[in-house]
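*Asks:* 3D, please:
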Amino acid sequence: MSGPKVHEVEHEITVAASAKSVYQLLVEVENWPLMFPPSVHVERLEQSGENERIRIWATANGAAKTWTSRRRLVPAEGRIEFRQEVSSPPVAAMGGAWIVEADGEERCRVRLLHDYRAVDDDPAALEWIAAAVDRNSHAELDALKATAEGGDEAAGKLLSFEDTTQIAGTAQEVFDFINEADLWAERLPHVARVELEDEAGLQLLEMDTRTTDGSTHTTKSVRVCLSPGRILYKQIQLPALMTLHTGQWRFEENADGVLATSQHTVVINEANIASVLGAQAGLEEARAMVRKALGTNSLSTLAHAKAHVEGGR
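*Replies:* Okay, the predicted model is just below:
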């Protein structure tokens, strides 16, 4: 008896950049969350010659998923082959390749190939997978093109910073406070509402955050909770001034307890600056506002974590 049918699909895009530079963007998986909208966090687990093993946390049709893939890098051919070790239902198996083909010195064609099978050949599952592959492939190719062609202009919109707080406790205690986001509306004054889905440390977090003028805005994030040292996240529903927001909470024990760090990486949505900050505002004012707003909320969260942990001792 034959197994589930293999389905194959291909997407492509032309990029005004060298094949070598585009290929390198695909090699550097640790930067994928900054480039690819579906990617939340990626870790390289093993590497030996042309072969490597990576773990990916990403979204598919709005759902949070994680899987481990093996990749084979063939730079001489501009090819990166990938195959999921254990797929996440409804996917039974998934693989494919990135192929970067030069078209002159500063132009290339990028092809993204997928082959997949659905659990039990279920028609609804096949429809779900096809939609996810199509949506993510277009998003990733468009983002790859934008990143490769962006240059200095894109760099000016990027903002990365961190804030720290020393806490007399353990990494696990502070991790637990940040991990228990379902309690934030009770614990944090700037959080008005929270909805949290948690499946083995892979979380979908939606919350309403109060601003200094008393209004609220809604954000949605996927969080990867790696106890007790890190919580990484990516917003998939963003405030108007951002086109990207990724970050992480780090908890590093030291002689005085634990140093808790909140790190943010943001790309400013330049098109919305005037509508949010006024016609006279520019990129500098937007960067300053985002830095202040995110930093204030992060330090408030860490201050309440500190009070909670130290008050319980």
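*Asks:* how about low-confidence regions in this protein?
*Replies:* Within the chain, the ranges that satisfy pLDDT under 70 run 1-3, 152-153.
*Asks:* domains in it, as residue ranges please.
*Replies:* Segmentation of the chain into domains, based on automatic domain parsing, reads 7-152, 168-311.
*Asks:* now distance to Leu158 and mean neighbour count too, for those, in JSON lines please.
*Replies:* (Glycine included, C-beta is placed from N, CA and C.) Converted to JSON lines, the domains of the chain look like this (distance: least, Cβ to Cβ, whole Å; neighbours: other Cβ atoms under 10 Å):
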{"stretch": "domain 7-152", "distance to Leu158": "8", "mean neighbour count": "17"}
{"stretch": "domain 168-311", "distance to Leu158": "6", "mean neighbour count": "17"}
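*Asks:* indicate which one of the ones you listed is closest to Leu159.
*Replies:* With respect to Leu159, and counting by Cβ to Cβ, the nearest of these is domain 168-311 at 4.6 Å.
*Asks:* do me a favour and get the end-to-end distance for the closest one?
*Replies:* End-to-end distance for domain 168-311: 10 Å, by Cα to Cα, to the nearest Å.
*Asks:* just say helix, strand or coil for Gly295.
*Replies:* For Gly295, the secondary structure call by DSSP: H, G, I helix; E, B strand; the rest coil comes out as helix.
*Asks:* tell me what the closest residue to it other than its chain neighbours is bridged to.
*Replies:* Once flanking residues are discounted, Gly295 sits nearest to Asp163: 5.4 Å by Cβ to Cβ, 6 or more residues apart in numbering. In this structure, Asp163 bridges to Ser262 when assessed by DSSP bridges.
*Asks:* so who does Asp163 touch?
*Replies:* Thr261, Ser262, Gly295, Ser298, Leu299, Leu302 (Cβ atoms under 8 Å, 6 or more residues apart in numbering).
*Asks:* for the second one, give me its contacts.
*Replies:* What it means is Ser262. For Ser262, the contact set (Cβ under 8 Å, 6+ apart) comprises Glu162, Asp163, Thr164, Gly247, Gln248, Trp249, Ser298, Leu299, Thr301, Leu302.
*Asks:* wait, the third one sits on Leu259?
*Replies:* Pointing back at Thr164 there. Yes - between Thr164 and Leu259 there is a contact under Cβ atoms under 8 Å: 5.8 Å.
*Asks:* just the strands in this protein please.
*Replies:* Here the chain has its strands, by DSSP state E, at 7-15, 39-48, 51-60, 63-74, 79-86, 91-102, 108-118, 158-167, 191-199, 202-210, 216-226, 230-237, 242-254, 257-268.
*Asks:* hang on, Val22 packs against Val15?
*Replies:* Yes - assessed by Cβ under 8 Å, Val22 is found in contact with Val15 at 5.5 Å.
*Asks:* between these two, what contacts are shared?
*Replies:* Shared contacts of Val22 and Val15, defined by Cβ under 8 Å, 6+ apart, comprise Cys108, Val110, Leu144, Ala148.
*Asks:* cool, thanks, talk later.
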